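In: Build me a model:
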Amino acid sequence: MSQDDGAPPETAEALLARLRRLIGEGRLEIRIDPRPLVHVDSPVASEADGNLWVYGAIAVSGALLLWRGVLPALAAALLGIVLYLTLGRAYVHRRLERRVREQALASLDAWRRVWRFRGLTLVATGRPEIADCASPDGNWMGFVRRADSLPERLRNC
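Out: The predicted structure follows:
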């Protein structure tokens, strides 16, 4: 939709709906860098995801301390750290990505709050002529308009 045809400008809600549609069609992709988004102030961060692993390691270590002594408890604590750094982080990142895709894209207010953080990049799949759009400095609304337009090579057909 061109702004030159006398039509009123699209609302941010309509552009968010277009963004969801383009992602659903596979024409856009959201690349997520979880490192900035796990910050405590991020609207998609959840401390409970990471705490689950910590509480589990503490419980197992505490039980082993009472049952078998200090060395097995320390071994369990070290194993808990290793498990968190491998499996736990991957779990936290998957949950964070799911919250971005399910919750942040669900409402304009949530999307705007998430877009204020670094870590999101919109990519037009199969459209190398359209530069990627990264949060928070990128204009996601302009990006959606460009990505939903016909490629230049098809306009003159």
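
In: ok, and Glu29, which helix or strand is that part of?
Out: Per DSSP states H and E, Glu29 falls inside strand 28-32.

In: cool, and Leu79?
Out: Element membership for Leu79 (DSSP H and E) is helix 70-83.

In: Could you pull up the residues touching Ala124?
Out: Ala124 makes contact with Arg27, Leu28, Ile130, Asp132, Phe143, Arg146, Ala147 under the criterion Cβ atoms under 8 Å, 6 or more residues apart in numbering. (Glycine included, C-beta is placed from N, CA and C.)

In: Show me which pair in those is furthest apart.
Out: Farthest pair in those (Cβ to Cβ) is Arg27 and Asp132. Separation: 13.9 Å.

In: what's Arg118 sitting at in phi/psi?
Out: Note on Arg118: backbone dihedrals following degrees, to the nearest 10 are phi -70, psi 160.

In: what's the nearest residue to it if we skip its chain neighbours?
Out: Leaving aside its sequence neighbours, Arg118 sits nearest to Pro36 (Cβ to Cβ, 6 or more residues apart in numbering; 4.1 Å).

In: And for Ser46?
Out: Arg95 (6.8 Å).

In: for Leu37, same thing?
Out: Excluding its sequence neighbours, the residue lying closest to Leu37 (Cβ to Cβ, 6+ apart) is Gly119, at 4.2 Å.

In: May I see the buried residues of stretch 112-130?
Out: Across stretch 112-130, burial judged by 16 or more other Cβ atoms under 10 Å covers Val114, Trp115, Phe117, Arg118, Gly119, Leu120, Leu122, Val123, Ala124, Ile130.
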